[in-house]
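# pasting the sequence and the predicted coordinates here, then a few questions.
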Amino acid sequence: MLDDPRSHGLWEKTAPAAPVTTALQGDHATDVVIVGGGYTGLSAALHLAEAGTRVILLEAKEIGFGGAGRNVGLINAGMWVMPDDLPGELGPVYGERLLDLLGNGPQTVKDLIDRHGIACELERAGTLHCAVGKSGQKEIEARAEQWQRRGAPVDLLDAAETEGKIGTRTYGGSLLDRRAGTLQPLAYVRGLAHAAAKAGATLHTESPVDAYEKTATGWRVTTGAGSVIAQWIVVATDAYSEGPFKTVREEQVHLPYFNFATAPLSDNLQKSILAERQGCWDTKEVLTSFRMDKAGRMVFGSVGALRGTGLPIHRAWARRALKSVFPQIGDVPFECEWYGKIGMTTNNLPRFHKFAPGVIGFSGYNGRGIAPGTVFGKTLAAHILGQIAEDALPLPLTAPETPPFRTLKEAWYETGAQLAHLAGARF
């Protein structure tokens, strides 16, 4: 994408094409203008267009250019924050609303994929949160108990059961979340774009927003070559925000993340490694994630950026760590490598912002964008359609706030990841 093989890697190589789009030209009027062509923006566009609302979506670069086209592809339920801690962070009303919405988020994603026939390598077998050491075991035990108390279909697996699912003896146990799954993330967001366009939404790429202002007839959003007048603006730019909505980016600390994809594994290896196709990540602070794609490639990643000294360090670590977790793999070559950034908020929870009356958006997905982005886009559409009042939304209204020492923290995460990966395979 944009002639950079390290921006979207395997996903760009294997995703179906996005719908044909053009840059915004000239002056237009619509009901809702959406800024951002990721999960949130396209989900909102799709649901609004299906309800008969006129929608114009403006994407600064290409569909899925941001986190939507770079992530690992895990359809997770909930957030990083423990379920029992959410009411303490947000209050009992919003806490329970968010738990309910995000707990059911993966099913919303699957339903959309099924309804619109989106070809995105959907796997429905769940995810495995893998315990490293005693502290990791305590973490997954607590998470399992809290979700099970709420009736969620999650199971705590012991070491032998975990080995049977994954094909490694590395982990002492795991939490199987049957609500979750995996998909090809760029294929999914492009599929949402096709569905939104088919429903009647107008999509423009290469159309970065320069400014917005209130006029007598609504909000006027301008790009370098055109403008749109609308009654509502949906801000769906999240961690890659620039221009007039850069405050969304500035309230998040960027955590770099990379992935390597192997060549397709042999049939024998595919029968013994992640045979059910669960997606996995572990409990380490500098975590490791891994999963298989439809062709049998192992996608193996961690925290860090593939630039400067980070490229050789993380590449060497990935080779060592992959052999440590799966010694049976041998010397399989890496076929693709790519990296992006995760926007982390101060409490690891998303935000709802009203930049002005009629200018709204959700953001801050903390590395869990697939299900939250999809359901928050649907929620924004329902709010605009008058189906959900503002005080009935799943998050309270807050103002964007820049966390202290943001730039320093970002530099530390990138450097710290390199130091951690220089230390060894960590398993």
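Good, I have the coordinates.

# what's the separation between residue 359 and residue 401?
18 Å (CB to CB, to the nearest Å). Heads up, the C-betas are built off the backbone N, CA and C, glycines and all.

# which residue is nearest the centroid of the chain?
residue 369 (2.5 Å; CA atoms, centre = their mean).

# my guess is that one contacts residue 71, does it?
Yes - using CB atoms under 8 Å, residue 369 makes contact with residue 71 at a distance of 6.2 Å.

# tell me which helix or strand residue 194 sits in.
Applying DSSP states H and E as the criterion places residue 194 in helix 185-199.

# which parts of the stretch 51-200 of the chain are strands?
55-58, 74-75, 127-130, 154-158, 173-177, 181-182 (DSSP state E, counting those that start in this stretch).

# which of the residues in the first one are buried?
For strand 55-58, the buried set under the neighbour-count rule, 16 or more other CB atoms under 10 Å, comprises 55-58.

# for that strand, what is the average pLDDT?
Mean pLDDT, strand 55-58: 98.

# repeat for the third one
Strand 127-130 shows a mean pLDDT of 98 in the predicted model.

# show me what that strand is packed against.
helix 133-149, helix 159-166, strand 173-177, strand 279-282 (3 or more CB pairs under 8 Å, 6 or more residues apart in numbering; DSSP states H and E).

# in its sheet, what does the third one sit against?
Pointing back at strand 173-177 there. Next to strand 173-177 in the sheet, as set by DSSP bridges, lie strand 127-130 (antiparallel), strand 154-158 (antiparallel).

# gap between the first one and the chain center?
Distance of strand 127-130 from its chain centroid, counting by CA atoms, centre = their mean, to the nearest Å, is 17 Å.

# and residue 426, what's its pLDDT?
50.

# list the residues that contact residue 355.
For residue 355, the contact set (CB atoms under 8 Å, 6 or more residues apart in numbering) comprises 233, 235, 245, 361.

# from memory the second one sits against residue 247, does it?
No - with contact defined as CB under 8 Å, residue 235 does not reach residue 247; the gap is 9.7 Å.

# quickly list what's touching both of these two.
residue 241.

# neighbour-wise, which of these two wins?
residue 235 (26 against 16; other CB atoms under 10 Å).

# so who does that one touch?
Applying CB under 8 Å, 6+ apart, we find residue 235 in contact with 35-36, 241, 245, 248, 353, 355, 359-361, 363.

# mind checking how far residue 415 is from residue 249?
21 Å.

# neighbour-wise, which of the two wins?
residue 249 (20 against 13).

# on that earlier part again, of the strands paired with strand 173-177, flag the one that's most buried.
strand 127-130 (a mean of 26; mean count of other CB atoms under 10 Å).

# what are the contacting residues of that one?
Contact with strand 127-130 is made by 74-76, 136, 140, 143, 157, 162, 165-166, 170-171, 173-177, 180-182, 278-283, as judged by CB under 8 Å, 6+ apart.

# equivalent analysis for stretch 48-60, please.
Contacts of stretch 48-60 (CB under 8 Å, 6+ apart): 21, 24, 28, 30-37, 41-42, 44-45, 65, 196, 199-209, 221, 223, 228, 230, 237, 242-243, 381, 384-385.

# now these: which count as buried?
Here, 16+ other CB under 10 Å leaves 21, 24, 28, 30, 32-37, 41-42, 44-45, 65, 196, 199-209, 221, 223, 228, 230, 237, 381, 384 buried among the contacts of stretch 48-60.

# which stretches of the chain have low pLDDT?
424-427 (pLDDT under 70).

# where do the helices of it begin and end?
Ranges of helices within the chain are 5-14, 39-50, 86-90, 92-103, 105-116, 133-149, 159-166, 185-199, 246-250, 267-272, 310-325, 370-384, 406-422, based on DSSP state H.

# and among these, the most buried is which?
Stretch with highest mean neighbour count among the helices of the chain: helix 39-50 (a mean of 28; mean count of other CB under 10 Å).

# starting at the chain centroid, how far to that helix?
Distance of helix 39-50 from the chain centroid (CA atoms, centre = their mean) equals 16 Å.

# who's in contact with the closest residue to residue 258 other than its chain neighbours?
Excluding its sequence neighbours, the residue lying closest to residue 258 (CB to CB, 6 or more residues apart in numbering) is residue 339, at 3.8 Å. When contacts are counted by CB under 8 Å, 6+ apart, residue 339 is found next to 6, 70, 256-259, 304-307.

# what about the nearest residue to residue 126 once chain neighbours are set aside, how many residues nearby?
Computed as CB to CB, 6+ apart, the closest residue to residue 126 that is not its neighbour in sequence is residue 178, at 4.5 Å. Using other CB under 10 Å, residue 178 has 16 other residues around it.

# would you agree residue 178 is in contact with residue 154?
Yes - under the criterion of CB under 8 Å, residue 178 makes contact with residue 154 at 6.8 Å.

# separation between the residue of the chain positioned farthest from its centre and residue 239?
No residue in the chain has its C-alpha farther from the mean C-alpha position than residue 216, which lies at 37.2 Å (CA atoms, centre = their mean). According to CB to CB, residue 216 stands 34 Å off from residue 239.

# just checking, which of the contacts of stretch 48-60 belong to strands?
28, 32-35, 202-204, 209, 221, 223, 228, 230 (DSSP state E).

# quick check, nearest of those to residue 188?
Closest approach between the ones in strands among the contacts of stretch 48-60 and residue 188, by CB to CB: residue 203, at 15.7 Å.

# contacting residues for that closest one?
19, 21, 37, 45, 57, 59, 63, 193, 196-197.

# mind putting those residues into a markdown table with distance to residue 346?
Converted to a markdown table, these look like this (distance: CB to CB, whole Å):
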| residue | distance to residue 346 |
| --- | --- |
| 19 | 37 |
| 21 | 35 |
| 37 | 27 |
| 45 | 30 |
| 57 | 29 |
| 59 | 28 |
| 63 | 30 |
| 193 | 32 |
| 196 | 32 |
| 197 | 37 |
